[in-house]
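Asker: Any chance you can model this:
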Amino acid sequence: MSNVKIAVLVGSLRKKSFTKTVVETVIKNSPKEMEYTLIDIGVLPIYNQDLESENREPKEWLAFRDKIRGFDAVLFATPEHNRSVPAALKNALDVGSRPYGQNVFNAKPAAVISVSPGAIGGFGANHHLRQVLAFLNMPVMAQPEAYIGNVMNVINPDGAITNENTVGFLKVFAESFLNHIKNNLK
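Answerer: Below you'll find the predicted structure:
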């Protein structure tokens, strides 16, 4: 199999995002055949169906949809906001799954990582996201589940994950995601 092209959607828009640090560690420890591209979802105007109905779709929506179509799979990484996903990530899912019948996420294998300073690692966000992805017809990797809790304890002052157990887990996660993708691509 040739290289697998993976879009990465990070729900945190912060410059020094813990979630992005976790994603960077996954990328660094992934099999060489996995090609990741981080997609900026912070530039997407809020979804409003009226804009489609009036043929006034923002160029950012159109560019995002075109970009996602070119990928084999999607890695979602999310912090937890009020026991769910951040608005920016939900907006990206809405923009990409519309207009009705033109869902750019359809049938793309996916994996979810949730990150939190709290002990349960963004469990609520992880499962809310999985619920949306199931509706979007994305086969989501079931195991291993990735809940990175107490994230501030595994990131050093330079902004890198140095905890060997966490790095080892993220390596296994990436390898499992590659197998999941291969098993779900047609």
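
Asker: show me where the chain has helices.
Answerer: Listed in chain order, the helices found in the chain under DSSP state H are 18-28, 49-53, 59-69, 87-96, 123-135, 164-184.

Asker: Of the ones you listed, give the one that comes closest to E80.
Answerer: Between E80 and these, the shortest gap by CB to CB is with helix 123-135, which sits at 3.8 Å. For the C-beta atoms, the positions are set from N, CA and C on the backbone; glycine is no exception.

Asker: which stretch in the helices of the chain has the least confidence?
Answerer: Mean pLDDT is lowest for helix 49-53 among the helices of the chain, at a mean of 93.

Asker: Now do stretch 105-112, average pLDDT.
Answerer: Rounded mean pLDDT across stretch 105-112 is 98.

Asker: So what touches it?
Answerer: 68, 71-78, 93, 96-97, 126, 129-130, 133, 136-141, 146, 173, 177, 180-181, 183-186 (CB atoms under 8 Å, 6 or more residues apart in numbering).

Asker: Can you select the buried ones from these in ChimeraX?
Answerer: Buried members of the contacts of stretch 105-112 can be picked out in ChimeraX with the line below, counting by 16 or more other CB atoms under 10 Å:
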select :68,71,72,73,74,75,76,77,78,93,96,97,126,129,130,133,136,138,139,140,141,146,173,177,180,181,184
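
Asker: got the contact list for the closest residue to G122 other than its chain neighbours?
Answerer: Residue nearest to G122 in three dimensions, not counting chain neighbours: S114, with 3.0 Å by CB to CB, 6 or more residues apart in numbering. Applying CB under 8 Å, 6+ apart, one finds that S114 lies in contact with 77-80, 121-123, 125-126, 129, 146-148.

Asker: can you put those residues in TSV and add distance to Y47?
Answerer: Converted to TSV, the contacts of S114 look like this (distance: CB to CB, whole Å):
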residue	distance to Y47
A77	21
T78	18
P79	20
E80	21
G121	28
G122	23
F123	26
A125	19
N126	22
L129	17
A146	27
Y147	28
I148	28
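
Asker: Nearest to E52, out of these: which one, please.
Answerer: L129 (23.8 Å).

Asker: Wait, the closest one touches F76, no?
Answerer: Yes: in this structure, L129 is within contact of F76 by CB atoms under 8 Å, at 6.0 Å.

Asker: ok, now how distant is A119 from T21?
Answerer: In this view, A119 and T21 are 18 Å apart by CB to CB, to the nearest Å.

Asker: Between the two, tell me which one has more neighbours.
Answerer: T21 (20 against 9; other CB atoms under 10 Å).

Asker: For S53, see how far away the more buried one is.
Answerer: In terms of CB to CB, T21 sits 40 Å off from S53.

Asker: With N183 instead?
Answerer: Per CB to CB, N183 is found 39 Å from S53.

Asker: which of the residues in stretch 9-16 are buried?
Answerer: Residues of stretch 9-16 classed as buried: 9-13 (neighbour count, 16+ other CB under 10 Å).
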